[in-house]
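Asker: here is the input, now give the coordinates:
(one chain, ligands or ions: 2)
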Amino acid sequence: MAIRHFLSLRDLSPAELEQVINLAIEMKAAKLEDRQEPVFAGKVLGMIFEKSSTRTRVSFEAGMAQLGGHALFLSPNDTQLGRGEPIEDSARVISRMVDMVMIRTHGQEIAERFAAYSRVPVINALTDKYHPCQLLADIQTFTEHRGSIKGKTVAWIGDGNNMCNSWINAAIQFDFNLQIACPAGYEPCADLLAEASNLVSLSHNPVEAATGAHLVTTDVFASMGQEQEQQERLQKFAGFQVNHELMSHAADRALFMHCLPAHREEEVSAALLEDTEISVVWDEAENRLHAQKALMLFLMQASS
Ligand code: CP
Ligand code: NVA
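Answerer: Ligands and ions are numbered 1, 2, ... in the order given. You can find the predicted model right below:
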């Protein structure tokens, strides 16, 4: 059987993604009811982090431990990855010793090259282009609060970054409408937009994008690696803050999501972030744990 990777949401079929979301909801209940099975006993996850992380590292590492497995934290600072060992060589070596790998890196092509040389499933834990694990948690969170996302309308406000590109993939795979508003010059991937033109609209007007949305979501103005652009972006993104005023244009009972970490009073007001009637960011963060356990189980079973 071929090894299954998860480098973007497009690597699983819509039916498989639905299976993972349902499994995540089930595994969450199993954890709360203290009836988890050690399905990863004897299994090791290699976790390569070339960028910082709180949620991703804690959720993968805790998830493996809770299901009887082990996770290895590998950073370029203390492995040969940081001293120039080729990614293809690292992939061939690491994947002979572990059962699955997750990689957080810069270019999407680095994750793809790693996967091409890996003997075991590889999970994209964020690249400059995509953050598909976050979308699993986000879709799980929407489903738990409001039911199926199919046919609903989601608004993306802000940078056309890795999260925005992933929301476009999610619109294609989960069949919902996506209304994007970003400042001129900060649009998401043009190829993806063209491919999803029946489901996705793009404007430079946050009110237009938020209007009628069942979910409004955003992310930091400057992603990891763009810290030197922070001041310029603060100016260019003026008017793109998600707050109660912007949410007033959304549908009744619309939710707010943010992958976190958040910069209060920049892309989101502190009042909205803390408004638990609307903001589901803490459930979203928790669901990283459940969604990734489900994903790892799916990939392991589908690849064996
Ligand atoms: N949302 C997310 O991926 O957070 P971390 O960068 O803390 O992992
Ligand atoms: N767009 C952000 C997401 C962090 C989880 C970044 O890439 O830094």
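Asker: centroid residue for this protein?
Answerer: Closest residue to the average C-alpha location of the chain: residue 134 at 2.0 Å, with Cα atoms, centre = their mean.
Asker: OK, contacts around it?
Answerer: For residue 134, the contacting residues are 126, 163, 166, 259, 288, by Cβ atoms under 8 Å, 6 or more residues apart in numbering. No exception for glycine: its C-beta is placed from N, CA and C like everyone else's.
Asker: could I get the residues you listed as JSON lines with secondary structure?
Answerer: Below are these laid out as JSON lines (DSSP: H, G, I helix; E, B strand; the rest coil):
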{"residue": "126", "secondary structure": "coil"}
{"residue": "163", "secondary structure": "helix"}
{"residue": "166", "secondary structure": "helix"}
{"residue": "259", "secondary structure": "coil"}
{"residue": "288", "secondary structure": "helix"}
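Asker: in JSON lines: the residues you listed, plus distance to residue 180, pLDDT and neighbour count.
Answerer: Output for those, formatted as JSON lines (distance: Cβ to Cβ, whole Å; pLDDT from 0 to 100; neighbours: other Cβ atoms under 10 Å):
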{"residue": "126", "distance to residue 180": "20", "pLDDT": "99", "neighbour count": "27"}
{"residue": "163", "distance to residue 180": "11", "pLDDT": "99", "neighbour count": "25"}
{"residue": "166", "distance to residue 180": "12", "pLDDT": "99", "neighbour count": "27"}
{"residue": "259", "distance to residue 180": "16", "pLDDT": "98", "neighbour count": "25"}
{"residue": "288", "distance to residue 180": "23", "pLDDT": "99", "neighbour count": "27"}
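Asker: what subset of those residues is also close to ligand 2?
Answerer: 126, 163, 259 (Cβ under 6 Å from any ligand atom).
Asker: closest one to residue 298 out of these, please.
Answerer: Minimum separation from residue 298 among those (Cβ to Cβ) is found for residue 126, which lies at 19.3 Å.
Asker: excluding chain neighbours, what is closest to that closest one?
Answerer: Nearest residue to residue 126, sequence neighbours excluded (Cβ to Cβ, 6 or more residues apart in numbering): residue 104, at 4.7 Å.
Asker: residues contacting the closest residue to residue 108 other than its chain neighbours?
Answerer: Nearest non-adjacent residue to residue 108, counting by Cβ to Cβ, 6+ apart: residue 129, 4.0 Å away. Counting by Cβ under 8 Å, 6+ apart, residue 129 touches 8, 107, 108, 162, 165, 189.
Asker: let's see 10 Å
Answerer: The neighbourhood of residue 129, defined by Cβ atoms under 10 Å, 6 or more residues apart in numbering, consists of 7-8, 106-109, 111, 161-162, 165-166, 188-189, 192.
Asker: for it, phi and psi?
Answerer: phi -100, psi -40 (degrees, to the nearest 10).
Asker: so how far is ligand 1 from it?
Answerer: 14 Å (Cβ to the nearest ligand atom, to the nearest Å).
Asker: before we move on, what about residue 144?
Answerer: For residue 144, the distance to ligand 1 - Cβ to the nearest ligand atom - is 18 Å.
Asker: swap in residue 151?
Answerer: Separation of residue 151 from ligand 1 (Cβ to the nearest ligand atom) stands at 26 Å.
Asker: that's a helix at that residue, yeah?
Answerer: No: using three-state DSSP, the assignment for residue 151 is coil, not a helix.
Asker: can you map out the helices along the stretch 201-304 of the chain?
Answerer: Using DSSP state H, counting those that start in this stretch, the helices of the stretch 201-304 of the chain run over 206-210, 230-236, 244-247, 270-273, 281-303.
Asker: helices and strands around the first one, which ones?
Answerer: Think helix 206-210. strand 153-157, strand 177-181, strand 200-203, strand 215-218, helix 244-247 (3 or more Cβ pairs under 10 Å, 6 or more residues apart in numbering; DSSP states H and E).
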